[in-house]
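K.L.:
A structural model of the following input is requested.
(one chain, ligands or ions: 1)
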Amino acid sequence: MSKQLFFKSFREIMTNYDDVVVVSHVNPDGDAVGSTLALSFFLRKLGVNVNVVLPNDFPSFLSWIPGIEDVIIFDKDSEKAVELFNNADLFFFLDFNMASRTGLMHNDLCHCKNTPKILIDHHLSPDKDAFLACLSEEYTSSTSELVAELIDYHGFDNYMDDDIATCLLVGIMTDTGSFAHSIYHPYTFEVCGKLMSSTLNYPLIHRMVYDNSSENRLRLLGYSISNKMIIKDEYNTAFIALSKDELDSFDYKVGDTEGIVNYPLSISDVKMSVLLTERQGVIRLSFRSKGDFSVHELAKKYFSGGGHTNAAGGTLDCSLEQAVEKLVSILPEYKTMLNK
Ligand SMILES: [Mn+2]
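P.N.:
From the prediction side, this is the model:
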């Protein structure tokens, strides 16, 4: 479905549904939270009853964002979440495109397979047939930008307010690393300019997102880079592996490792950076790259994951040492591309 057709038919589609549940991916980031909340505000303005359900808790740096107090966290209140799922006549899937990215909610969502679903997302390779309507735009900064464009299409002045604009700016800001990457067209700046034209205090929003760390989080970052970063010069690759014990020693909270993976890329020759973390028995891998080296392909092929060309995730069911071994063992395959 083209973007224009999606926007055009959106209002008409929504006249058929009254009880909507908006969901996003496990370990929700700024874009997942910002886009789901912004869409839910917009849908309420269209007269729809909306609930937002996230698989697990959001990072503490988002605890102030408008609307967050009404979000249902599945792993804290699964009974309520399942009740909402069962009552829903429509789901929105935002900022992910593989049902397995909904973590523990996956099974319960599978039980609602007859309830129509609408996708709004910017990740690669969606399963388009699974959706009633699908807005999948790989070359867009963020899902929040797509929600902004949807609202813009239906009348910016009629529907935009400071709460929605705040959520959208947080999503776009975090998915672009403060407007440093993942920007493909002028519209990203145009719509942010429009969002700013209200009474928003942008420096305050930026500060609330980026200058909101605990002391432990910053010390964990320092430790990760100073003590744990390994550089494989031959492959222009850097990686950091953090065990559960190491995370615990910094009193790890959800979101504390967010962003660590980006730092090694600031070294001029490093083309790929990988963060491996040991969580609840599995190893999570987070990949970042520069230029046209696709971490999406690599994550998909070897780590049951995917994402974007320059940012992707994956998991391995093994020990941290084995995960590091596996990562190092596949680097020769990518040597030429990593040295381009
Ligand atoms: Mn996103």
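K.L.:
can you give me the helices in the stretch 1-150 of the chain?
P.N.:
Secondary structure of the stretch 1-150 of the chain (DSSP state H, counting those that start in this stretch): helices located at 3-14, 30-45, 78-87, 106-110, 143-159.
K.L.:
Now do the same for the longest one: mean pLDDT, whole number.
P.N.:
Spelled out, that is helix 143-159. Averaged across helix 143-159, pLDDT comes to 97.
K.L.:
what does that helix contact?
P.N.:
Residues from elsewhere that reach helix 143-159, judged by C-beta atoms under 8 Å, 6 or more residues apart in numbering: 3, 6-7, 10-11, 31-32, 34-35, 38-39, 42, 45, 94-95, 120-122, 135, 137, 140, 160, 164, 167-172, 175, 187-188, 191, 194-195. Backbone N, C-alpha and C define where each C-beta goes, glycine included.
K.L.:
Of all the residues in that helix, which ones are buried?
P.N.:
For helix 143-159, the neighbour count (16 or more other C-beta atoms under 10 Å) marks 143, 144, 145, 146, 147, 148, 149, 150, 151, 152, 154 as buried.
K.L.:
Include distance to residue 227 when you put those residues into a markdown table, please.
P.N.:
Formatted as a markdown table, the buried residues of helix 143-159 follow (distance: C-beta to C-beta, whole Å):
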| residue | distance to residue 227 |
| --- | --- |
| 143 | 35 |
| 144 | 35 |
| 145 | 37 |
| 146 | 40 |
| 147 | 40 |
| 148 | 40 |
| 149 | 43 |
| 150 | 45 |
| 151 | 45 |
| 152 | 46 |
| 154 | 51 |
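K.L.:
Kindly indicate which of those residues lies nearest residue 15.
P.N.:
For these, the closest approach to residue 15 (C-beta to C-beta) belongs to residue 154, at 13.1 Å.
K.L.:
filter the buried residues of helix 143-159 down to the ones near the ion?
P.N.:
Among those, the residues that sit close to the ion (C-beta under 5 Å from the ion) are residue 143.
K.L.:
Of all pairs in the buried residues of helix 143-159, which one spans the longest distance?
P.N.:
Spanning the widest gap among the buried residues of helix 143-159 are 143 and 154, at 17.0 Å by C-beta to C-beta.
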